[in-house]
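Student: Next one to model:
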Amino acid sequence: RLLKMIFHRFGLGLRRTAIIGNQIIANQIRETLLNRPSLGYSLLGVYEHFDEKTEKNLSQKKVDEIIFTDPKSDEEGALRAIDFANERDITFKYSADIFATISSNMAISAVAGIPIIELGRTRLTGWGKIFKRLADIFGSLFLIIIISPIFLLVALVILFETGRPIIYKNERVGAVGKKFFAYKFRSLYQKYCTGEQFGKEGELALEKESELIKKQNAKNGPVYKIKNDPRITPFGRFIRKWSLDELPQFFNVLRGEMSLVGPRPHQPREVEQYQKWHRTVLAVKPGITGLAQISGRSDLTFDEEARLDILYLERWNIIQDLIIITKTPFVILLSKGAW
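Tutor: Residues are numbered from 1 along each chain as shown. Predicted structure coming up:
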C-alpha cells in the first residue's frame, strides 16, 4: 500500500474516474479526489446526469471507473450507466444511503411460513459482543501496563505546571444513551474547566466556553471544536496534539463504559442536538479510536464522522478493529487533523 501511495503521488497507476450526480456528495467526493492524489484517482469530470451527451463524452475517453452519487433520484441514468460500464469493462460504484447500509446487515427467518427480514443495527450482538468485550479487557490491561511510564510522566508534568487535579472528568453519553464520566489528562487551566468536578468555577467556565464557541467554533453541527483555544495550557497543547490527554480512557474501557474501538463519545448537550440518523451511533459503546479517527479526525465534518461510525458498526468484525488499532499510532504520529 505504501508503494501504491508513492506511485499515485507521481501520477502512476491512477484510476481514471468520472463522477455522475449533482449532489453535495458528488462535490465532497470531487474535492477529496482532487486534494488527495495518494488515493489513486484521476478525475475526468463531474456530470450532472448520465444521458446521451455524457455517454458520448465518456466514450471518447479511457474511463476506468464511474461513481454514481445518487442512483435513486435518477434510476434511468443509473441503469444506462451500468449498461455502459458492463459493455466496456468499467468499474461501476455508487454511494449507498443510510437504508442501504443498514439493509446490508440483515437476517431472514420464517414466521408462519412467511419470510421475515430483520434489519440489524450492528453485528455486535451475541458472541460478537462477548468477544469484543474480552478483547477490550485484555487489550486495555495490556496497554495500561505498557504505557504506565508515560502515564506517570504526563501526570508529573501537569502537577508541576498547574497543580491538581491531574485527571479531568468529562460527562459523556455512551451506548443506548447511558451517561458516564470519560477520564482525560487535564489540558486546560483549572479556572476554565467545566463540570461538577469544579463546583461554581465550573459553571463560570461553562459561560466562558459558550462565548468561545460563538466566536471560534471551527465545526458545524451539534459538536463544537474551538480553534486556537486560549484556555489550553502549554503542556496541554502538546498532549492534545499527540492524543496523550486521552490515555486515561483505557480505564473507562476496563470499567466497561467504553471500547478500544468505536464512535467517539460526545457531551449530553451535543447529543441533544443530534438528528435522528445521528443517534444510530449510540447503538454501541464509544471508543478511544475509530474509523472516523483514522480517516481525518478534526478535519471531518460531524456528518462525515457519523457516516463513518455508522458504517463501522454495521460492518463490524474483529479484523476491522485490529486494522483500526494498528493504524491509530501512525495517524497520531502524522498529527493530521489534531488540534
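Student: Okay, helices next: where are they in the stretch 101-250 of the chain?
Tutor: Under the criterion DSSP state H, counting those that start in this stretch, helices of the stretch 101-250 of the chain are mapped to 127-146, 148-162, 199-216, 234-241, 249-255.
Student: okay, those in TSV with distance to residue 293 next?
Tutor: Just so you know, the C-beta spots here come from the backbone N, C-alpha and C atoms, and that holds for glycine as well. Output for these, formatted as TSV (distance: least, C-beta to C-beta, whole Å):
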stretch	distance to residue 293
helix 127-146	16
helix 148-162	19
helix 199-216	22
helix 234-241	14
helix 249-255	12
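Student: For the ones you listed, state which one has the densest average packing.
Tutor: Mean neighbours per residue, mean count of other C-beta atoms under 10 Å, is largest over the helices of the stretch 101-250 of the chain for helix 249-255, with a mean of 20.
Student: Now do it: which elements does it pack against?
Tutor: helix 127-146, strand 179-185, strand 287-289 (3 or more C-beta pairs under 8 Å, 6 or more residues apart in numbering; DSSP states H and E).
Student: pLDDT averaged over it, what's the number?
Tutor: For helix 249-255, mean pLDDT is 97.
Student: So which elements touch the helix or strand hosting residue 57?
Tutor: Secondary structure from DSSP states H and E places residue 57 in helix 52-59. Helix 52-59 sits against strand 41-47, helix 75-87, with contacts defined as 3+ C-beta pairs under 8 Å, 6+ apart.
Student: For the shortest one, which strands pair with it and how are they oriented?
Tutor: Based on DSSP bridges, the strands next to strand 41-47 in the sheet, each with its direction, are strand 15-20 (parallel).
Student: what's the least confident helix or strand in the chain, going by average pLDDT?
Tutor: Least confident helix or strand of the chain, by mean pLDDT, DSSP states H and E, is helix 98-103 with a mean of 52.
Student: Could you list the low-pLDDT ranges of the protein?
Tutor: Along the chain, the model assigns pLDDT under 70 to residues 71-73, 96-121, 297-298, 335-339.
Student: how about the residue nearest to the spatial centre of it, what does it touch?
Tutor: Among the residues of the chain, residue 292 comes closest to the average C-alpha position under C-alpha atoms, centre = their mean, at 1.7 Å. If a contact means C-beta atoms under 8 Å, 6 or more residues apart in numbering, then residue 292 has 263-264, 300, 304-305, 308-309, 312 as its contacts.
Student: Most neighbours among the residues you listed, please name it.
Tutor: When neighbours are counted as other C-beta atoms under 10 Å, the busiest of the contacts of residue 292 turns out to be residue 263, with 28 neighbours.
Student: Give me the phi and psi for that residue.
Tutor: When read as degrees, to the nearest 10, the backbone of residue 263 gives phi -70, psi 150.
Student: What of the one 5 residues further on?
Tutor: The phi and psi values for residue 268, taken as degrees, to the nearest 10, are phi -50, psi -40.
Student: correct me, but it touches residue 179?
Tutor: Yes - counting by C-beta atoms under 8 Å, residue 268 does reach residue 179; the two are 6.4 Å apart.
Student: who touches both of these two?
Tutor: Residues touching both residue 268 and residue 179 by C-beta under 8 Å, 6+ apart: 171-173.
Student: and the closest residue in space to residue 230 that isn't next to it in sequence, what does it touch?
Tutor: Excluding the flanking residues, the one nearest residue 230 by C-beta to C-beta, 6 or more residues apart in numbering is residue 212, at 7.7 Å. Shown in contact with residue 212 (C-beta under 8 Å, 6+ apart): 226, 229-231.
Student: Would you list the buried entries among those?
Tutor: 226, 229, 231 (16 or more other C-beta atoms under 10 Å).
Student: hang on, the first one packs against residue 216?
Tutor: In this case it means residue 226. Yes - contact criterion C-beta under 8 Å: residue 226 and residue 216 qualify, at 5.1 Å.
Student: May I ask which helix or strand encompasses the closest residue to residue 320 other than its chain neighbours?
Tutor: Distances taken as C-beta to C-beta, 6+ apart put residue 312 closest to residue 320, at 7.3 Å, once the chain neighbours are dropped. Assigned by DSSP H and E, residue 312 belongs to helix 302-314.
Student: How about residue 234: what's its closest non-neighbour residue?
Tutor: Nearest non-adjacent residue to residue 234, counting by C-beta to C-beta, 6+ apart: residue 161, 7.4 Å away.
Student: show me the contacts for that neighbour.
Tutor: By C-beta under 8 Å, 6+ apart, residue 161 lies in contact with 233-235.
Student: repeat for residue 327
Tutor: residue 294.
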